[in-house]
Every structure is written in C-alpha cells, then in structure tokens.
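Asker: Need a 3D model of the sequence below.
(2 chains)
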Amino acid sequence: AQSVAQPEDQVNVAEGNPLTVKCTYSVSGNPYLFWYVQYPNRGLQFLLKYITGDNLVKGSYGFEAEFNKSQTSFHLKKPSALVSDSALYFCAVRDMYSGAGSYQLTFGKGTKLSVIP
Amino acid sequence: GAVVSQHPSRVICKSGTSVKIECRSLDFQATTMFWYRQFPKQSLMLMATSNEGSKATYEQGVEKDKFLINHASLTLSTLTVTSAHPEDSSFYICSASIGGGAVGYNEQFFGPGTRLTVL
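Answerer: Got it, this is the predicted structure:
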C-alpha cells in the first residue's frame, strides 16, 4: 500500500521569505510524486512532478521540490514567497509498479500555506 | 492542453432529488477518469475509478447504487447522486488520465470541482 504524510496542517511564512512544505511518502516500489495546489472552491492545479532523473524538480510559479530517496521525502520549496501563494497544497504519490491502467494517486491530507504581507 | 471541465460548478437541490455532474476532457481522450469527494478542510477521498466502456470500480464504503458513474465515451464521465440527502453535500472533483504511452507517466488532470448543496 502507498501512503503520503504531510506533517504540517498549516505553514505561515512572511512574504519574501523562503517557504517549505513537507511531504514524506511510502511505496513498495519506486515512486511517482506530485504536488498540487488548490485555491478556495477550486479544483487542483498541477505544480510539478518527479518521475525519474534529477532529484531537484522545477515546476510552475517558481516552485521546486527535491526528491530524497533515503529520507523518502519530496518537500516543496520556493525561494521567495508571495501573498498569492497562499493556498492549500497537496502532495500525492503513486507506485511505479501499480500496474498498467492503474493510475490511482494517494493524496496527503494537505497543508494550508499562509503568506503574511 | 489537458483541460478538464466540470458542469455544473455549483448546484443546490432538494433532499430526495437526483443530481448529475458531468466531467469532460476537452482536448484529449481520457481512458480513465476518477471521482473524488472533498470535505471542508480535508483531503481528496477517491470515490471511484472508471474506464471508458466498463463499469466503475468503487472504493470501499462508497455506495455504487447511490453514486452512479457512467463513462460512455473517452471524453465524458458523469456522476449521478441519486436520492440526495444533506449529508451528500460536498465538493466533488473529477480527474482524467491520458491512456496509452508509457505507463506511469500518465498524470491526472483535475476538473475545477462541483459544489453540491442538498437542502
């Protein structure tokens, strides 16, 4: 079984400061990892994904995430936070070996990011 | 590319009525579509997975007779909440995956969600 943990319900950061939203995962095989952002009453917007290759993945809106296999982590980062980054962030994982036609994602519970002006 | 739409975006209905929510992939063919339910301040809960032309696979605890899913074409899936009750009020989100190609590279593209309120 695969699982995702986002240990922080809420992260507060001052505008202009770097931000980190934490995510750890558990899969039986190699992971495919995703970050999504959700604004109030909206669906999920894709930010970035890790499939293979470089451990540092760059995504939309200046976000990046680093895949750390030894720590089974995929923390989301941004060098300088904007007030408009305030939203709900979800980490998701699927196992590479979950089988053809099976694209189910397992989501973390979400982390609310508040960027303070 | 890879845009998914949902209709309606918001619906209010009376208890006991049925509501249909449509999920469309606008610029790609979606072999697999997913339906999620999200409660306030909570994560997405997968309800069911549907493949075009076959019956949906429901997650444990989800009533298939209450939440009817039809995936009649590669661009359209519908979720019908039958005999809706206030406890069915929630935010319903669909997603779609592009079939074929390298398995595992397929990601899910999410619709904007539908807010259902049952009075």
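
Asker: hey, let's count contacts and neighbours off CA atoms from now on
Answerer: OK.

Asker: how about the residue of chain B found nearest chain A, what does it touch?
Answerer: Distances between chain B and chain A by CA to the nearest CA are smallest at residue B:112, namely 3.8 Å. For residue B:112, the contacting residues are A:42, A:43, A:44, B:4, B:5, B:6, B:9, B:93, by CA atoms under 8 Å, 6 or more residues apart in numbering or on different chains.

Asker: The residues you listed: which two are farthest apart?
Answerer: Across the contacts of residue B:112, the longest distance by CA to CA is 14.0 Å; it joins A:44 and B:9.

Asker: ok so, going back, could the contacts of residue B:112 be laid out in a markdown table, adding pLDDT, distance to residue B:117 and secondary structure?
Answerer: A markdown table is the format used below for the contacts of residue B:112 (pLDDT from 0 to 100; distance: CA to CA, whole Å; DSSP: H, G, I helix; E, B strand; the rest coil):
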| residue | pLDDT | distance to residue B:117 | secondary structure |
| --- | --- | --- | --- |
| A:42 | 80 | 16 | coil |
| A:43 | 82 | 17 | coil |
| A:44 | 87 | 20 | strand |
| B:4 | 91 | 22 | strand |
| B:5 | 93 | 19 | strand |
| B:6 | 95 | 16 | strand |
| B:9 | 94 | 11 | coil |
| B:93 | 94 | 14 | strand |
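
Asker: so which of those residues is the most crowded?
Answerer: Neighbours here mean other CA atoms under 10 Å in any protein chain shown. Within the contacts of residue B:112, the largest count is held by residue B:93, at 27 neighbours.

Asker: Just the pLDDT at the residue of chain B closest to chain A, thanks.
Answerer: The pLDDT attached to residue B:112 in the predicted structure is 91.

Asker: Tell me which residue of chain A lies closest to chain B.
Answerer: Residue of chain A nearest chain B, by CA to the nearest CA: residue A:43 (3.8 Å).

Asker: For that residue, which non-adjacent residue is spatially closest?
Answerer: Leaving aside its chain neighbours, residue A:43 sits nearest to residue B:112 (3.8 Å; criterion: CA to CA, 6 or more residues apart in numbering or on different chains).

Asker: again, but for residue B:78
Answerer: Counting by CA to CA, 6+ apart, the residue nearest residue B:78 is residue B:22, at 4.5 Å.

Asker: Counting neighbours, what do you get for that neighbour?
Answerer: With other CA under 10 Å as criterion, residue B:22 counts 19.

Asker: Touching, it and residue B:6? I think so.
Answerer: Yes: using CA atoms under 8 Å, residue B:22 is in contact with residue B:6, at 5.5 Å.

Asker: quick one on the thing from earlier: show me which of the contacts of residue B:112 is closest to residue A:3.
Answerer: Closest approach between those and residue A:3, by CA to CA: residue A:44, at 19.0 Å.

Asker: circling back to that earlier point, for the residue of chain A closest to chain B, which residues are in contact?
Answerer: Residues in contact with residue A:43 (CA under 8 Å, 6+ apart) are B:93, B:110, B:111, B:112, B:113.

Asker: Please list all residues in contact with the first one.
Answerer: Spelled out, that is residue B:93. By CA under 8 Å, 6+ apart, the contact list for residue B:93 reads A:43, B:35, B:36, B:37, B:38, B:110, B:111, B:112, B:113, B:114.

Asker: Could I get these in JSON lines, plus columns for secondary structure and distance to residue A:21?
Answerer: What follows is those, written out as JSON lines (DSSP: H, G, I helix; E, B strand; the rest coil; distance: CA to CA, whole Å):
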{"residue": "A:43", "secondary structure": "coil", "distance to residue A:21": "19"}
{"residue": "B:35", "secondary structure": "strand", "distance to residue A:21": "26"}
{"residue": "B:36", "secondary structure": "strand", "distance to residue A:21": "23"}
{"residue": "B:37", "secondary structure": "strand", "distance to residue A:21": "23"}
{"residue": "B:38", "secondary structure": "strand", "distance to residue A:21": "21"}
{"residue": "B:110", "secondary structure": "strand", "distance to residue A:21": "21"}
{"residue": "B:111", "secondary structure": "coil", "distance to residue A:21": "24"}
{"residue": "B:112", "secondary structure": "coil", "distance to residue A:21": "23"}
{"residue": "B:113", "secondary structure": "coil", "distance to residue A:21": "24"}
{"residue": "B:114", "secondary structure": "strand", "distance to residue A:21": "27"}
